[in-house]
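Asks: Make a model of this:
(3 chains)
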Amino acid sequence: MIDSPENSAPLVQMAGISKAYPGCLANDSIDINLDAGRVHALLGENGAGKSTLVKILYGLLAQDAGSIRWQGQPVEISSPADARELGIAMVFQHFSLFESLSVLENIALGMDADADAVLKEKIISVSTRYGLPLNPDRSVFTLSVGERQRIEIVRCLLQEPKLLIMDEPTSVLTPLEVNDLFTTLSRLADEGMAILYISHKLEEIRKLCHEATILRGGKKVATADPRVESAEGLASLMMGSDIPVASTRERNESGEPMLVMSGLNHPAQDQNGISLQNINLSVCAGEIVGIAGVAGNGQDELMQVIAGEVLVSNNDAMHLQSNAVGRLGAGERRRRGLCCVPEERLGHAAVPTLSLTENVFLTAHHRKALRIAGLVSYRRSRKFATEIIDRFNVQCNGPEALAGSLSGGNLQKFIVGREILQAPEVLVVSQPTWGVDAGAARAIHDALRKLADGGAAVLLVSQDLDELMQISDRIGALCAGQLSELHVTTDVTVQQVGLLMGGESLESTANSSSAGVAS
Amino acid sequence: MIALQRRANPSQLMGYLAPLIAFALTLLAGLLLFALLGVPVFEAFHAFFIEPISSLYGLAELGVKAAPLIIIGVALSIGFRAQVWNIGAEGQLILGGIFGAAVALYFYEVDAWFVLPLMILASLVGGMLWASVPALLKTRFNVNEILTSLMLTYVAVLLLSWLVSGPMRDPDGFNFPESRLFHDAALLPRILSGTRLHMGALVAIGVVVAGWLLLSRTLLGFALRVNGAAPRAGVHAGFSQNRLVWVALLLGGGCAGVAGLFEVAGPIGQLLPTISPGYGFTAIIVAFLGRLHPVGVLFAGLVMALSYLGGESAQITLNLPLAVTGVFQGMLLFFLLATDVLINYRIIRKQAS
Amino acid sequence: MNEILILTILTIITAATPLVYAAIGELVVERSGVLNLGVEGMMLAGAVCSFATAHYTGSGMAGIVAGMLAGVLMALLFAFLTLSLQSSQVATGLALTIFGVGLSALIGQPLVGIAFDGLPSLNIPLLSNLPVVGQLLFSHDILVYGSFILVAAVAWFLNKSRAGLVLRSIGDSHNAAHALGLKVIRVRYCATLFGGACAGIGGSYLSLVYTPMWVENMSAGRGWIALALVVFAVWQPGRLLLGAYLFGGISILQLHAQALGINVPSQLMSMLPYATTILVLVLISRDRGRIRRNAPASIGQAFHPTT
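Replies: Okay, here's the model as predicted:
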């Protein structure tokens, strides 16, 4: 019913699509065909032009050149409404959900329907049919990230689309949730739906997709059959000559424990928060400890507690170089050698409306003597800012540029540089390469490694498993506010870390592989 | 169709130009208003803007009116920078006046050097005390400071009204609701003979300098600015938000309190049921018009003071209602808020799709 | 005694009605994610325009319409600045109040000291003849009935209608709403103008019924109390009605204090509504979780559609 056999044209033909932004050609004459019943991967690094291309297809952006045909007919897609009209649905990487509304109301809003009993029935029937359990009456703010994604998918499916676009859907899911999602997507493809699957994760594409289009620097560089092509082959197509070398280095001999948390508890600050329970962790001089975990499992809370943005009730629960610091404020912890890079760059690590010079003063004045006789010294701050810009190759209009005017990657290099150049004894970083291009990511990884080699203790909180496996010496995972035991990274596989992320212990893996994770 | 396009960087030029454009637009709208009211436009213009400052006395009066506006405006702008919305400065001003007056009346006919300093201290305490209520409620109970500081203004007005008609009434005053006239030792020294210009004007300039120093060169000022621009970044840097709320409110309350004292111990010389023509509210406009910058506040305070004088002068010469002043002030703030868009946005012509 | 009680209840209704109007309007505005601090200014504009129109035409109805229009015009000014020109909602709201105080005083200058007959009571046939109940429930002016209908209508609109769902969603997250293709700016304009109309009617009630004359600054902080009421009601229409009547009761206490034998200076009695407002805000706000769950998440934030 979805594709008629006599219609031999592909469902979607995009030909010669180009789109330029000031200073960059995001899409350079890209051709892509999508067929009914097939999962088509759109593969590429950050900044390769994947998002731009699908936004054009979904009517969010207008192409500068090129044409789109739908079932053989030329079409103009000038708004998401046009796209939906044709039968295109899209699940975004960042969900557009309303926290205070119910699942039912959220779905009703997305599809111009009333939030009534009829719709509720439909939701329940679609969600059970495709293995996407949802309670229509729950408020969104009570749901996990995986459940939120299900809302988006169910919302799309209710429109009975012919093409479903999924933008990096697994970046927020546990390995188990990923499996469930793949089952659903495969069934949808079997029923005749075309799926455009955007990702930069090679393994999942090889597992799920029938066909792959690979973008690099805004150009289409190849089409491949991911079931045949090896992961290395796909990687070299995706990155060109820029393949990261798998780390083969020896694990550092670690020294004295620098940052120690013992039996640390911290109750959730509000209903949406996560309670940290019995966190035990020690990070030693010279090592990088990695903390994996799906977003929303207590990473924010852990970062806040370590940085001293919120204080735990027990002063002895946290030690910095054998001094209890649980009740010390953020400034005092910095003075004693603990520097932090929080996940959110704008508005948390840096003030977008202040200059880089002022942003340097923000967190460096404790350790870098940026005040003279109690007054702010902009001269010294500027000098330090200039040093960071030079050493970390930050592209900007000098130290007086506003933090908000820098690109994500450059600002991140600046922030990481700001903390590293303060020569901390302990550095805690969260998601340092989120949304950062490959070159900047490597620069940041190198800098972290160098800091640890120089004798500092580094704690790296990240959702990017590849990153953690690559640079951490020991690894553990956060799940629902609890921290797993730590393992030497070279002793565990990605799959085993996945189990830790699901809240399981590695000793009991044999009989738990089929156990479901509570949703 | 006209549309707005966000600028990559805020325009510095527009930052300086916007208040001037707003001022020019207000003048135009003012002329229109005069025309609507049926008064000769240019006479009204002259009466409103030129006449009040065409004599030395007039200029001194400008200083008298500008001083409280500037003192409060600087303090408010520091608070607004930190996103602490103290809009109850009028009430804090009244409390300052009451506390200062209480000292003056207690030491009535005591001719000692310490009376005036003690009054200033008392007014500082009074203003801060009134501002500490919203600060306490905000930091302890998360109560919106806009509503509490404003409610307290109404309470302060009623408190003053009760005091001057009861406990602090002049015993020989034929039951008029006003206090005794202050003794000489309790009056502010004048700094220009033949005028009412008092030392409050000097204090105002001092407050501008101190405010500028605080905001631009101290850690506290930096913390206040960061808290306003990105509160989470402030927490990350180790600045206590509660402490900043306290600082901002106490600063506003203290300055408003002193400004209140300068009114009762300056041009008024006693406690009356009304001791301010809304300086505490006008100072909010002054703070915004001055771009929340102490030096800007200095100029904005002078402009707003002129609107008071202009209103009075227009009332005398043209029989215009005094309320024209409020309309002018409101219009100026509107035009300023409207022209502010030019700082962050560029106006472009967009083809209708 | 019965007579006194009935009279007291009637004055409570009179005192509460303007609060109901102003607050229910602001509630809708805030549910759409806009914080308009200019309620006081809009009420004053409504009061003076309403009184002037009623005085010159002799028609109370014309007065109400004029008051409503004045509120809408003031709200339009606010909406244009904050929604179209992206100005700060807090600053613009304050400006609206300052402007409204001045403008209403200017317009009202020639009207000071004139009295108006007040609105006629609409006695519901038969029912209004019932003893006690008739007088209490069925012989009010049109605006009192209207206020109850309005609250019920707003409650239905917000919770049951599709348009209300859209409005709530925009208040929750304007970016998500925009991504779904909902007209954020248009809906907020409508909500803001509705809030203006309601505040204008509230003002009309003050100058036509509560004290049927024009006095400078006659709203005396009721616009601000209305804002506090919205918080008190945790953005729920039903609770808002309750709150308004509670405040109505407290504010008329001063009128009856002497009759009740309470010998406290009138100024101190007049402080009661303001002091109560603060107290109530403390009681509600200290439950941070409750405020966060119920307050529209995007309230007070500027929205600019950038794709």
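Asks: Point out where chain A drops to low pLDDT.
Replies: Across chain A, the stretches falling below the confidence threshold (pLDDT under 70) are A:1-7, A:22-23, A:46-47, A:171-172, A:239-254, A:270-272, A:507-519.
Asks: tell me the phi and psi of the residue sitting furthest away from the middle of it?
Replies: Relative to the centre of chain A, and counting by CA atoms, centre = their mean, the farthest-placed residue is A:A373 at 43.4 Å. The main-chain torsion angles of A:A373 are listed as degrees, to the nearest 10 and equal phi 50, psi 40.
Asks: got it, and C:D117?
Replies: phi -70, psi -20.
Asks: again with the one 5 residues further on
Replies: Backbone torsions for C:L122, taken as degrees, to the nearest 10, come to phi -100, psi 100.
Asks: So A:S8 lies in a helix, does it not?
Replies: No - counting by DSSP: H, G, I helix; E, B strand; the rest coil, A:S8 is not part of a helix but coil.
Asks: From chain C, how far out is the spatially closest residue to A:L328 that is not a sequence neighbour?
Replies: The shortest distance from A:L328 to any residue that is not its chain neighbour, by CB to CB, 6 or more residues apart in numbering or on different chains, is 6.1 Å, and that residue is A:G308. Yep, even glycine has a C-beta here, placed from its N, CA and C like the rest. Remark: distance between A:G308 and chain C (CB to the nearest CB, to the nearest Å) = 21 Å.
Asks: Touching, A:G308 and A:R335? I think so.
Replies: No - when contacts are counted by CB atoms under 8 Å, A:G308 is not listed as touching A:R335 (10.8 Å).
Asks: Against chain B, how distant is A:G87?
Replies: Distance, A:G87 to chain B, using CB to the nearest CB: 23 Å.
Asks: Repeat that for A:S405.
Replies: The spacing between A:S405 and chain B, counted by CB to the nearest CB, is 6 Å.
Asks: Checking the closest residue to that residue other than its chain neighbours next. Helix, strand or coil?
Replies: With CB to CB, 6+ apart as the criterion, A:S405 has its nearest non-adjacent residue at 5.7 Å, and that residue is B:N9. Look at B:N9: counting by three-state DSSP, its state is coil.
Asks: ok, how many other residues are close to B:N9?
Replies: Using other CB atoms under 10 Å in any protein chain shown, B:N9 is surrounded by 11 other residues.
Asks: now A:L158
Replies: Using other CB under 10 Å, A:L158 has 20 neighbouring residues.
Asks: isn't it right up against A:I123?
Replies: Yes - counting by CB under 8 Å, A:L158 does reach A:I123; the two are 7.1 Å apart.
Asks: intersection of neighbour lists for these two?
Replies: Both A:L158 and A:I123 are contacted by A:I107, under the criterion CB atoms under 8 Å, 6 or more residues apart in numbering or on different chains.
Asks: ok, now which ones touch the nearest residue to A:S51 once chain neighbours are set aside?
Replies: Using CB to CB, 6+ apart and skipping the chain neighbours, the partner closest in space to A:S51 is A:D167 (7.0 Å). The contact partners of A:D167, by CB under 8 Å, 6+ apart, come to A:S51, A:V54, A:M90, A:V91, A:F92, A:Q93, A:I198.
Asks: what sits against the spatially closest residue to the fourth one that is not a sequence neighbour?
Replies: What that stands for is A:V91. Across the structure, with CB to CB, 6+ apart as the measure, the residue nearest A:V91 apart from its sequence neighbours is A:E152 (4.6 Å). Contact analysis of A:E152 by CB under 8 Å, 6+ apart lists A:V91, A:F92, A:F95, A:S96, A:L97.
Asks: Show me the contact partners of the host helix or strand of A:K55.
Replies: When secondary structure is defined by DSSP states H and E, A:K55 falls within helix A:50-57. The set of residues that contact helix A:50-57 without belonging to it, under CB under 8 Å, 6+ apart, is A:12, A:14, A:17, A:19, A:26-27, A:30, A:32, A:42-44, A:61-63, A:68, A:77, A:83, A:88, A:90, A:165, A:167, A:196, A:198, A:215, A:218.
Asks: where along chain C do the helices fall?
Replies: With DSSP state H as the definition, chain C shows helices at residue ranges C:2-31, C:39-57, C:60-79, C:89-108, C:133-137, C:142-160, C:162-172, C:174-179, C:184-205, C:222-232, C:237-257, C:266-270, C:272-285, C:288-294.
Asks: For the closest residue to chain B within the stretch 51-200 of chain C, grab the count of nearby residues.
Replies: Chain B sits closest to C:G102 of the stretch 51-200 of chain C, with a gap of 2.2 Å, by CB to the nearest CB. Taking other CB under 10 Å as the criterion, the count of residues near C:G102 is 25.
Asks: from memory it sits against B:L332, does it?
Replies: No - C:G102 is not in contact with B:L332 according to CB under 8 Å; the separation is 11.0 Å.
Asks: Let me know the pLDDT of the residue of the stretch 151-300 of chain B found nearest chain A.
Replies: Of all residues in the stretch 151-300 of chain B, the one sitting closest to chain A is B:G238 (3.1 Å; CB to the nearest CB). What the model reports as pLDDT for B:G238 is 92.
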